[in-house]
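Fold the following and give me the result.
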Amino acid sequence: MNLSCLSNLSSPSFVRRGTGVRWIAASRAVMLITMGALLASLAVQAQPSQAPEPAPIVITGADMRPATSLNGDWHTIVDPYFGGFPGYSRNQKQEPGGRVIEYDFSNSPTLKVPGDWNTQRESLLYYEGPLWYERDFTYQPKEHTRIYLHVGAANYKSWFWVNGKKVCEHEGGFTSFNCDVTAAIHPGSNFVVAAVDNTRHEDGVPTLKTDWWNYGGLTRNVSLIEVPEVFIDQYDVHLSRAEDPLIEGWVHFEGRLRAELGTKVEVEIPELNARASASSDKMGWAYFHIKVNGLRRWTPETPKLYRVKITAGQDSIEDLIGFRTIETRGTEILLNGKPIFLRGVCIHAEAPVRGGRANTDQDAETLLGWAKELGANFVRLAHYPHDETMLRAADRMGILVWSEIPVYWAIQFDNPKVLIKAQQQLDEEIGTSRNHAAIILWSMANETPNNETRTHFIETLAQHARELDPTRLITAALLVRNEGKTKIVDDPLGKTLDVIGTNEYVGWYEQTPAGADTTQWRVDFDKPVIMSEFGGGAKAGLHGPADQRWTEEYQADIYRHQIGMLNRIPQLRGMSPWILMDFRSPTRNLSGIQDGYNRKGLISDKGQKKAAFFVLQKAYVDETVGKAE
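Numbering: from 1, shown residues only. Modelled structure (predicted):
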């Protein structure tokens, strides 16, 4: 049956969401203006004064748009002294007979994009600083279209020019962004220049110190996407918690003519023979809901995805979306209204075997395939937003996701500009990824100090995330405190969270593995708890007695004792031990053992499964750890 319903702005859920998205639009504009001023003052003091470029925008489903890939070999110039920045002297190409004599992109070595520079060239393994990229391309623009340079990620600050014209700049190393290049591209031969700087900053998000490698460069896909002059920039399509089976959401379109009242918007799900029509308001928002019959809900066991087509004016986009609900009831986590225990593992965006930043479908399928083999139905993607390829794979494979921004350890919680940066990353993370059924948790932070300034900072982020997306749960990974043999979870930030994440390392940084047998837990919140980190290190292939550190036997013993302790925590509704695979970290320098890697992986960086993998796998498959209610 074809069921449709016009938008109903008086519905309480739409009033709340409508207020939220309008507030988002206004706050994003304010933040981007502030952000532009901040970048202008901090990035390169020697830049000449000029009119600000249009800020990059968030485009939902950008990876589903027809695209011209700019992946491949880019010419590069390393620039440790920022020599290319005064007057933007390296935003141009060397022309025959020209006066540019200090550089020539055409004779410069190349690097693969997407890819980090650290693992592609031995001399750049530890390099932190600016590096220039250049690529030629041919293009034939169409009339009445806009062209965006889509950048999957560039770590950490980046600037872009097309045919010598600056088109945008961006701060943040793990979120995608889109630069309007319509006015800069011309028919025929073109070139794009990018400067990417992975220098760490005290006022950055993350800040100076992390426990992962600071991979620099254009680390994810780069492409050109073409859209009509008025186009769909963001949309939200989800299953209602309040009414079953009701699919609801909103569509927003962008462009100079968006103020035209009454633009028709249609949302269609052909497999369900369902369609909704709505008219936009003068700000480009349209709200819809669709009654459906025969809906198969997305679950880890049945990860059903539906093709959803959205049309607004001359623009249309198709996406693959799964429909499910996620909420809490007391200490339970409810997926589609039923209690679930999250059998998980943490994952860094580290490429299996080859090393470097993960960015391909194969990387995602390998990592998540290992998680499935482990018996997991859940992964914590630490400690920053992961690539769209990872989220698409999780949708297909039926793996629930904890997605996190890099508010990590002790950033500058008292700096309002840092809060703006963190909010911007939330905007980009949620705006890009809000339609992935796999994502059930937005995480605000990891292992932050317990003080009032920090608490207010993260409470502000949590409120912002709820305004952006009221359909998912909010969490953070908290530190715990000890009183004798009792671990206490009473961080006041817990009042703000829907689900409490906690990190502990009994058997590694404290006590012996057997210490878990006598460790008790007190959780001062009537909320679900996920043990978001635990574990210990082992070098793959190193064997010995179970009391010998760094052996596979010692790591496996930690897991055996942890499972018994975890089963004594009444509120425990999930776990994600640290970590699926060994990953590079410059802080891990035990010669002959770590050699620049965090060795807490259940699998080595070369793909070798350690003994602890099989201990946890048996507990997950036999369902001898955790309970859903």
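
CA-only coordinates of the host helix or strand of Ala462, as PDB, when you get a sec.
Using DSSP states H and E, the secondary-structure element containing Ala462 is helix 452-468. Coordinates of each C-alpha in helix 452-468 appear next as PDB, following Å, rounded to 0.1, in the frame of the first residue of the first chain:
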ATOM      1  CA  GLU A 452      33.900  21.500  37.200                       C
ATOM      2  CA  THR A 453      35.400  23.100  34.100                       C
ATOM      3  CA  ARG A 454      35.700  19.800  32.300                       C
ATOM      4  CA  THR A 455      32.200  18.700  33.400                       C
ATOM      5  CA  HIS A 456      30.700  22.000  32.100                       C
ATOM      6  CA  PHE A 457      32.600  21.600  28.800                       C
ATOM      7  CA  ILE A 458      31.400  18.100  28.100                       C
ATOM      8  CA  GLU A 459      27.800  18.800  29.400                       C
ATOM      9  CA  THR A 460      27.700  21.600  26.700                       C
ATOM     10  CA  LEU A 461      28.900  19.100  24.100                       C
ATOM     11  CA  ALA A 462      26.300  16.600  25.200                       C
ATOM     12  CA  GLN A 463      23.500  19.200  24.900                       C
ATOM     13  CA  HIS A 464      24.800  20.100  21.500                       C
ATOM     14  CA  ALA A 465      24.800  16.500  20.400                       C
ATOM     15  CA  ARG A 466      21.200  16.000  21.600                       C
ATOM     16  CA  GLU A 467      20.100  19.100  19.600                       C
ATOM     17  CA  LEU A 468      21.800  17.700  16.500                       C
END
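
Just checking: what are the partner strands of the helix or strand following it?
Toward the C-terminal end, the helix or strand that comes next after helix 452-468 (DSSP H and E) is strand 473-478. Within its sheet, strand 473-478 is paired with strand 439-446 (parallel), strand 499-503 (parallel), according to DSSP bridges.

quick one, the longest one and helix 452-468 angle?
Direction vectors for strand 439-446 and helix 452-468, defined by axes from the mean of the first three to the mean of the last three C-alpha atoms, to 10 degrees, enclose an angle of 160 degrees.

again with the shortest one
In terms of direction (the same axes, to 10 degrees), strand 499-503 departs from helix 452-468 by 140 degrees.

mean confidence for strand 499-503?
Mean pLDDT, taken over the full extent of strand 499-503, equals 98.

and after that strand, which helix or strand comes next?
Per DSSP H and E, strand 499-503 leads on to strand 520-523 as the next helix or strand towards the C-terminus.

following that next one, which helix or strand shows up next?
Moving toward the C-terminus from strand 520-523, the first helix or strand encountered (DSSP H and E) is strand 529-533.

Can you spell out which helices and strands pack onto that following strand?
Other elements packing on strand 529-533 under the criterion 3 or more C-beta pairs under 8 Å, 6 or more residues apart in numbering; DSSP states H and E are strand 342-347, strand 473-478, strand 499-503, strand 572-575. Every C-beta, even on glycine, is put in place using the N, C-alpha and C of the backbone.

Parallel or antiparallel, which strands does the shortest one pair with?
Partner strands for strand 572-575, per DSSP bridges, with pairing direction: strand 342-347 (parallel), strand 529-533 (parallel).

looking at those strands, which is closest to Leu566?
Go through these one by one with C-beta to C-beta and the one that ends up closest to Leu566 is strand 529-533, at 6.0 Å.

follow-up on the earlier one: list the buried residues in the helix holding Ala462.
Across helix 452-468, burial judged by 16 or more other C-beta atoms under 10 Å covers Arg454, Thr455, Phe457, Ile458, Glu459, Leu461, Ala462, His464, Ala465, Arg466, Glu467, Leu468.

List of residues touching that helix?
Around helix 452-468, the neighbours that count as contacts under C-beta atoms under 8 Å, 6 or more residues apart in numbering are 20, 23-24, 27, 405, 407, 413-414, 419, 422-423, 426-427, 430-431, 434, 442, 444-445, 448, 474, 476, 492-493, 496-497.

gap between the spatially closest residue to Leu374 that is not a sequence neighbour and Gly83?
Distances taken as C-beta to C-beta, 6 or more residues apart in numbering put Gln617 closest to Leu374, at 5.2 Å, once the chain neighbours are dropped. From Gln617 across to Gly83, the span is 53 Å (C-beta to C-beta, to the nearest Å).

Kindly report the same for Leu478.
Separation of Leu478 from Gly83 (C-beta to C-beta) stands at 44 Å.

which one of the two has more residues nearby?
Set side by side, Leu478 and Gly83 give different neighbour counts by other C-beta atoms under 10 Å, the larger being at Leu478 (23 against 14).

beta partners for that one?
Thr502.

do the same with Ile347
As for beta bridges, Ile347 partners with Leu381 under DSSP bridges.

Contact partners for it?
Leu367, Leu368, Ala371, Val379, Arg380, Leu381, Ala382, His386, Ile579, Leu580, Met581.

Distance check, the third one against Trp578.
Pointing back at Ala371 there. Here Ala371 is placed at a distance of 14 Å from Trp578 (C-beta to C-beta).

Also the first one?
Here the criterion is C-beta to C-beta. By it, Leu367 lies 15 Å from Trp578.

Between those two, tell me which one has more neighbours.
Relative neighbour count places Leu367 above the other of Leu367 and Trp578, with 27 against 24, counting by other C-beta under 10 Å.

residues of the helix or strand where that one lies that come out buried?
Assessed by DSSP H and E, Leu367 sits inside helix 361-374. Buried residues in helix 361-374, counting neighbours by 16+ other C-beta under 10 Å, are found at Asp363, Ala364, Glu365, Thr366, Leu367, Leu368, Trp370, Ala371, Lys372, Leu374.
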